[in-house]
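Novice: coordinates for the following, if possible.
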Amino acid sequence: MGAWIWDSRCEDKQTCRFWRALDIPDGAVVTRARLRITADNGYRLFLDGREVGRGSDWRSLTEYDLTWLLRPGRHVLAVEAFNDRLEAGVLAGLRMTFLDGGEVEVGTDTNWWVVPRDERGWERRRRPGPDWRPAVVVGAFGSAPWTTRPLAVVQVPALRPLTLPFWKQGWFQAGLLAVCLAAVGVSLRLMARLAWHRHAEDLLHRERMRIARDVHDELGAGLTQLVLLAEVTRREAETGGPVRESLQQLCSRARALAAALDEVVWAINSRRDTLQDFVNHTCKYAGAFLAGAGMRCRLDIAPNLPALSFALPTRRNLFLAVKEALNNAVKYSGAAEVHLSIRWTSEQVEVRIADEGRGFDPATVPADRNGLVNLRQRMQEVAGSCEVISAPGRGCTVVLRVPLQPSRARLRGFPGCRRRGQAAVAPEGPTRAGSVATVRNSVSSNPSGAT
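Specialist: So this is what the prediction gives:
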């Protein structure tokens with residue numbers, strides 16, 4: 001055992017911290033290590049920053065088995081003692097036995113250091129601080145006022161090294177840190193790419209608006225002037241002459257070009273990227289096209305169309321597919337009426353073109369038939385589908401389906417087009433009875449005279 005030690009000043013209600021380092025030579029094996037300690041009035045014992053025990057009765061010694069905790073290298077013994085009143089002191093002694101038979105004893109003496117109260121992490125420090133001061137021996141073992149020797153020795157079971165959970169071990173924390181850094185890096189990279197794509201989308205949006213505006217203003221105005229001049233010249237020309245016939249063809253061609261130009265402007269104008277505009281444009285085209293062919297057009301559209309976003313590639317391919325289906329109905333069906341139905345949900349848009357004409361057997365149609373091939377190809381480009389239902393004498397129905405959200409479509413062939421953000425609108429439910437709008441168009445060439 002060592003001697004009773006304390007600070008140079010002793011006060012009531014005083015806490016003192018004592019620190020001592022010890023070195024075990026490399027290659028040395030500790031076979032037995034016992035530390036006995038007591039304090040007047042109480043203590044907390046630390047080894048290498050780990051609290052190994054505490055006590056509060058100086059009349060008994062507590063013995064700690066530190067054999068499993070002492071390995072070659074530097075170790076730190078630290079004691080935090082508390083004095084209630086009057087005399088104060090700490091008494092401790094460590095005896096180590098090595099494999100080669102040697103023994104080392106470390107007791108409390110002036111080689112211990114008193115640690116200032118404001119020191120942090122002092123029990124784990126490997127070297128004493130510059131403002132630390134040596135401990136003071138206040139009495140030998142068995143001297144006054146501690147003349148009464150300890151009455152008992154309380155033995156504590158051998159202490160084992162702490163086994164940390166895997167999530168507290170260094171390798172796991174290093175790996176977790178690496179994963180977190182990688183995640184942060186990937187997140188920053190994705191944010192940069194999103195910002196770049198958003199900027200590119202804005203540039204594309206402005207460029208589409210500029211092209212649509214320039215085409216409409218320049219070419220549209222030029223074609224309109226050309227039609228007006230041709231009309232004036234045609235009226236002034238001789239009736240029935242070759243010049244008048246040529247001018248008539250020129251006027252018809254110019255009007256056709258103007259109509260085609262309107263479709264191009266509609267397709268590239270980003271302000272038209274809505275489901276409502278698509279439905280209005282498609283219905284307007286179908287009515288005019290079928291009226292020119294002497295056929296009626298029956299529309300089945302739910303009222304109060306929502307302003308859902310409808311990306312350029314999807315609406316363009318769907319509109320061209322509708323045009324192809326209407327053209328086939330005019331050329332081959334022989335029907336007097338075509339039924340056009342447009343429905344939508346939160347997932348997709350469905351367009352149905354039906355007639356009650358001659359019909360045909362789809363199995364007998366050549367696989368390379370351009371009309372049907374074009375329909376299926378246009379739907380595949382926007383991850384949609386095309387279904388043709390027909391039988392001889394029972395008419396024909398073409399069902400076109402496309403996803404409403406562009407994120408669900410591959411949009412092949414349109415890598416730069418994305419939907420611009422808009423407020424979400426709840427999808428329309430099933431069409432109510434009586435919401436069917438019927439448009440009947442008649443021309444003088446209609447043999448039945450139906451209206």
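Novice: so which helix or strand takes in Val373?
Specialist: Secondary structure assigned from DSSP states H and E places Val373 in helix 370-381.
Novice: what is that helix packed up against?
Specialist: Counting contacts by 3 or more CB pairs under 8 Å, 6 or more residues apart in numbering; DSSP states H and E, helix 370-381 packs against helix 312-328, strand 385-390, strand 396-403. All C-beta spots, glycine's among them, are computed from the backbone N, C-alpha and C.
Novice: so which bits of it are buried?
Specialist: For helix 370-381, the neighbour count (16 or more other CB atoms under 10 Å) marks 372, 375-376, 378-379, 381 as buried.
Novice: and what of stretch 121-133?
Specialist: Quick answer for stretch 121-133 (16+ other CB under 10 Å): 122-123, 125, 128, 132.
Novice: same question, stretch 69-83
Specialist: 69-70, 75-83.
Novice: mean pLDDT and mean neighbour count for the helices and strands packed on helix 370-381 - can I get that in JSON lines?
Specialist: Output for the helices and strands packed on helix 370-381, formatted as JSON lines (pLDDT from 0 to 100; neighbours: other CB atoms under 10 Å):
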{"stretch": "helix 312-328", "mean pLDDT": "89", "mean neighbour count": "22"}
{"stretch": "strand 385-390", "mean pLDDT": "92", "mean neighbour count": "16"}
{"stretch": "strand 396-403", "mean pLDDT": "94", "mean neighbour count": "21"}
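Novice: before we move on, the earlier item: from the buried residues of stretch 121-133, which is closest to Asp23?
Specialist: Pro128 (13.9 Å; CB to CB).
Novice: pull the contacting residues for the closest one.
Specialist: Listed by CB atoms under 8 Å, 6 or more residues apart in numbering, the contact partners of Pro128 are 19, 21, 113.
Novice: can you pull the phi and psi angles for Gly93?
Specialist: Backbone dihedrals for Gly93, given as degrees, to the nearest 10, come out at phi -160, psi 130.
Novice: run a quick neighbour tally on it.
Specialist: 18 (other CB atoms under 10 Å).
Novice: name the residues linked to it by a beta bridge.
Specialist: Counting by DSSP bridges, Gly93 forms beta bridges with Arg36, Gly107.
Novice: rewinding a little: least confident pick among the buried residues of helix 370-381?
Specialist: Lowest pLDDT within those is found at Leu372 (80).
Novice: what residues does it make contact with?
Specialist: 365, 386, 388.
Novice: so how far is the host helix or strand of Leu177 from its chain's centroid?
Specialist: Using DSSP H and E, Leu177 sits in helix 170-214. Relative to the chain's own centre, helix 170-214 is displaced by 11 Å; criterion: CA atoms, centre = their mean, to the nearest Å.
Novice: and it, what's its mean pLDDT?
Specialist: 85.
Novice: which strands and helices lie in contact with that helix?
Specialist: helix 242-268.
Novice: before I go, just wanted to say thanks for your time.
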